[in-house]
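*Asks:* Give me a model of this one.
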Amino acid sequence: MDNTAAQTGAFRYVTVERHILARIESGELRPGERIPSLRTLGAKLGLSVSTIGQAYLELERQGVIEARPKSGYFVRERVQRLPRPSRKAGGSAEPREVNRNTLIRQVLDTMGRRDILPYGVAKTGEELLPAKALSRIMAQVVRDDPEGCLCYETVAGNEALRRQIAFRCLDAGAEVSASEVMITSGALEALFIAVRSVTRAGDNVVIASPSYYCFLQILEYLGLRAIEVPSCPQCGVNPADLAGILRKFEVKACIFTPNFNNPDGALMPVEAKREIVAMLAARDIPLIEDDVYGEMYYGPKRPPIMKSFDEKGLVLTCSSFSKTLSAGYRVGWIIPGRFHDRAFDFKGTTNVCSATPTQMAVAEYLRQGGFDRHLRGLRQALEKQMRTMRALVGRHFPAGTTATSPGGGSVMWIELPGGRDGGEFYFRAKEAGIGVAPGIIFSTQDKFNTCIRLSYGSPMTQAYQDGIRRLGELAGEMPCAPGDGAAWPETARRAALAT
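*Replies:* From the prediction side, this is the model:
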């Protein structure tokens, strides 16, 4: 047996789950077939019978396998192989004005609502975050320095927090000083400042396709035009595709999420990151990097940020603690490189500075050293939830559904079979009290109309599992569309895109 479990700090039974799920997804184990006995698999993997049994009980709870008296464990009859989506073809690499804000606003309307299951919001469940530890530390910093908590922070942000962030950048391969870091109110403000710092209205900006819909919102607000470069769910943006765009168009900036792209979960290979940074540096084109999911990896090692290959100060790295510590604290940051002065001006004239008490609390939490231990548990939980969601989608969604198997982050990219329309699916799900994100909002073009994005950031309670079952039923009830399903039903199109 390899030492993957030891390297990642995962429980041993997780290795067994991965092994069985991989054999099911590859077709080696088919629905209705008997899986290896506890003793047989234990001997093969070098694990105890109790560890194998724990994994089998978990897989049974997920609905992947079932126990039959005196016969052993079997793959459930209703479990289907769930292929991964392939690279999406179609569309054109032409500058396009962005107009997705109406539907994006409807999707964002579900954020924070307790009456809707939040599969449509890329959030980490509060149950997985260190609420008690943060509350204790917040009380401590307010008690120790009550006057300081009432004061403006500096525009750049709390110095102790900036030192901690600079230190953590070392794990991501980048050496930066605290003076290069600027605290923001979440990653979205960091991204907004970054885009404003390097572009003017009318400029062309390259984004991945599909790409986080808030990137599209920022481009729309600032009067910028998007050029989309395809993202492969397995490896992200291909440098050759980007090179073709740069030869054809005048590009003023690029925005990428190289580590677990939202929504397709793609992880860009190290050499591709290096090649893209060098390609853009040769043309003096700024690169805005969103690394909000970088710490949420499932493998043995934290993937490097593109900033680690930056020799000219052209990479502006943005991130936050919203997915790993607290969304409500609104603590993010930007490392703007050579654009520091412009970023400083925009930050100072936007909201002067970010909230003082939350900066102090996060700085103290990091100083006390519990963050890495928390992250290990968070990664284990998210990987388990991802595998549970894949199993549930495979069990309940129509045959032919495809879904990604991300190596990090908290979102899954799903393509509905038979040309079923993701926009129509969004409205049907919302009527059923379930939030999803339709694929159309992740592009300026009608390329992902049969796709949806689901978040698995919250624990898979019975209510969440029932929600996936209901989504599968809704997908099964939808009619298949002729052709590739590119056209929306007219009712959905009017409701989503009307201005």
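*Asks:* where does the chain dip in pLDDT?
*Replies:* Residues of the chain that meet the criterion pLDDT under 70 lie in 1-11, 78-84, 86-92, 98-101, 110-112, 482-499.
*Asks:* Let me see the domain layout of it.
*Replies:* Annotated domains of the chain cover 4-75, 99-127+373-497, 130-371 [automatic domain parsing].
*Asks:* Ok, which of these comes nearest residue 93?
*Replies:* Judged by C-beta to C-beta, the one of these that comes nearest to residue 93 is domain 130-371, at 5.4 Å. Bear in mind the C-beta positions are built from the backbone N, C-alpha and C, glycine included.
*Asks:* Distance of the residue at the greatest distance from the centre of the chain relative to residue 275?
*Replies:* Among residues of the chain, the one most distant from the C-alpha centroid is residue 70; the distance is 42.9 Å, by C-alpha atoms, centre = their mean. Look at residue 70 and residue 275: by C-beta to C-beta, to the nearest Å, they are 58 Å apart.
*Asks:* Also residue 172?
*Replies:* 18 Å.
*Asks:* Now do the strands in the stretch 301-450 of the chain.
*Replies:* Assigned by DSSP state E, counting those that start in this stretch, the stretch 301-450 of the chain shows strands spanning 315-320, 332-335, 402-403, 411-415, 434-435, 437-438.
*Asks:* among the ones you listed, which is nearest residue 45?
*Replies:* strand 402-403 (26.0 Å).
*Asks:* can you give me how far that closest one is from the chain middle?
*Replies:* Relative to the chain's own centre, strand 402-403 is displaced by 16 Å; criterion: C-alpha atoms, centre = their mean, to the nearest Å.
*Asks:* Parallel or antiparallel, list what pairs with that strand.
*Replies:* Paired strands of strand 402-403, with direction, are strand 411-415 (antiparallel) (DSSP bridges).
*Asks:* Distance from the chain centre to the helix or strand harbouring residue 189, please.
*Replies:* Per DSSP states H and E, residue 189 falls inside helix 186-198. Distance of helix 186-198 from the chain centroid (C-alpha atoms, centre = their mean) equals 18 Å.
*Asks:* Check which element follows it along the chain.
*Replies:* strand 204-209.
*Asks:* List the contacts of the next helix or strand after that next one.
*Replies:* Next helix or strand after strand 204-209 toward the C-terminus (DSSP H and E): helix 213-221. Contact partners of helix 213-221, identified using C-beta atoms under 8 Å, 6 or more residues apart in numbering, comprise 97-101, 104, 107, 188, 191-192, 195, 205, 207, 224-226, 255, 290, 437, 441-444.
*Asks:* Okay, the closest residue to residue 274 other than its chain neighbours and residue 300: tell me how far apart.
*Replies:* Spatial nearest neighbour of residue 274, excluding adjacent residues (C-beta to C-beta, 6 or more residues apart in numbering): residue 309 at 4.8 Å. Residue 309 is 21 Å from residue 300, where distance means C-beta to C-beta.
*Asks:* So which of these two has more stuff around it?
*Replies:* Taking neighbours as other C-beta atoms under 10 Å, residue 309 and residue 300 compare with residue 309 leading, 19 against 13.
*Asks:* Quick check: that one touching residue 272?
*Replies:* No - contact criterion C-beta atoms under 8 Å: residue 309 and residue 272 do not qualify, at 10.7 Å.
*Asks:* hang on, the residue farthest from the centre of the chain in a helix?
*Replies:* No - under DSSP: H, G, I helix; E, B strand; the rest coil, residue 70 falls outside any helix and is assigned coil.
*Asks:* At which residues are the helices of the stretch 351-499 of the chain located?
*Replies:* Using DSSP state H, counting those that start in this stretch, the helices of the stretch 351-499 of the chain run over 356-368, 371-396, 422-431, 462-477, 490-497.
*Asks:* roughly how far is the second one from the heart of the chain?
*Replies:* In this view, helix 371-396 has its centroid 13 Å away from the chain centroid, taken as C-alpha atoms, centre = their mean.
*Asks:* Who are the packing partners of that helix?
*Replies:* Judged by 3 or more C-beta pairs under 8 Å, 6 or more residues apart in numbering; DSSP states H and E, helix 371-396 is in contact with helix 12-26, strand 402-403, strand 411-415, helix 462-477.
*Asks:* if I look at the residue lying closest to residue 36 once chain neighbours are set aside, how far off is residue 16?
*Replies:* Nearest non-adjacent residue to residue 36, counting by C-beta to C-beta, 6+ apart: residue 44, 7.2 Å away. Distance, residue 44 to residue 16, by C-beta to C-beta: 10 Å.
*Asks:* Show me what the helix holding residue 189 is in contact with.
*Replies:* 182, 184, 205, 214-215, 218-219, 222, 224, 252-253, 255, 286, 288, 290, 292, 316, 318-320, 322, 330-334, 336, 339, 342-343, 346-347, 350-351.
*Asks:* Now do it and helix 213-221, the angle between them.
*Replies:* 40 degrees (axes from the mean of the first three to the mean of the last three C-alpha atoms, to 10 degrees).
*Asks:* Can I get helix 186-198 as CSV, trimmed to CA atoms?
*Replies:* Output of helix 186-198 as CSV, limited to C-alpha atoms (Å, rounded to 0.1, in the frame of the first residue of the first chain):
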residue,chain,number,x,y,z
GLY,A,186,-13.0,39.5,1.2
ALA,A,187,-11.6,38.2,-2.1
LEU,A,188,-14.2,39.9,-4.2
GLU,A,189,-13.0,43.4,-3.2
ALA,A,190,-9.4,42.2,-3.9
LEU,A,191,-10.4,41.1,-7.4
PHE,A,192,-12.3,44.4,-8.0
ILE,A,193,-9.3,46.4,-6.9
ALA,A,194,-7.0,44.3,-9.1
VAL,A,195,-9.0,44.7,-12.2
ARG,A,196,-9.4,48.4,-11.7
SER,A,197,-5.7,48.7,-11.2
VAL,A,198,-4.7,47.3,-14.6
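*Asks:* now it against strand 315-320, angle please.
*Replies:* Using the same axes, to 10 degrees: helix 186-198 against strand 315-320 is 160 degrees.
*Asks:* Which positions in helix 186-198 come out as buried?
*Replies:* 186-198 (16 or more other C-beta atoms under 10 Å).
*Asks:* same deal with stretch 121-135?
*Replies:* Applying 16+ other C-beta under 10 Å to stretch 121-135 flags 121, 122, 123, 124, 125, 128, 129, 130, 133, 134 as buried.
*Asks:* try stretch 106-120
*Replies:* 106, 107, 108, 110, 116, 117, 118, 119, 120.
*Asks:* Roughly how far does the residue farthest from the centre of the chain sit from residue 39?
*Replies:* Residue 70 is 16 Å from residue 39, by C-beta to C-beta.
*Asks:* ditto for residue 341
*Replies:* The value you get for residue 341 to residue 39, if C-beta to C-beta is used, is 67 Å.
*Asks:* cool, and residue 416?
*Replies:* 41 Å.
*Asks:* With residue 74 instead?
*Replies:* Taking C-beta to C-beta, one finds residue 74 at 17 Å from residue 39.
*Asks:* Please say which of those two ends up with more neighbours.
*Replies:* Shown here are residue 74 and residue 39; by other C-beta under 10 Å, residue 74 has more neighbours (16 against 10).
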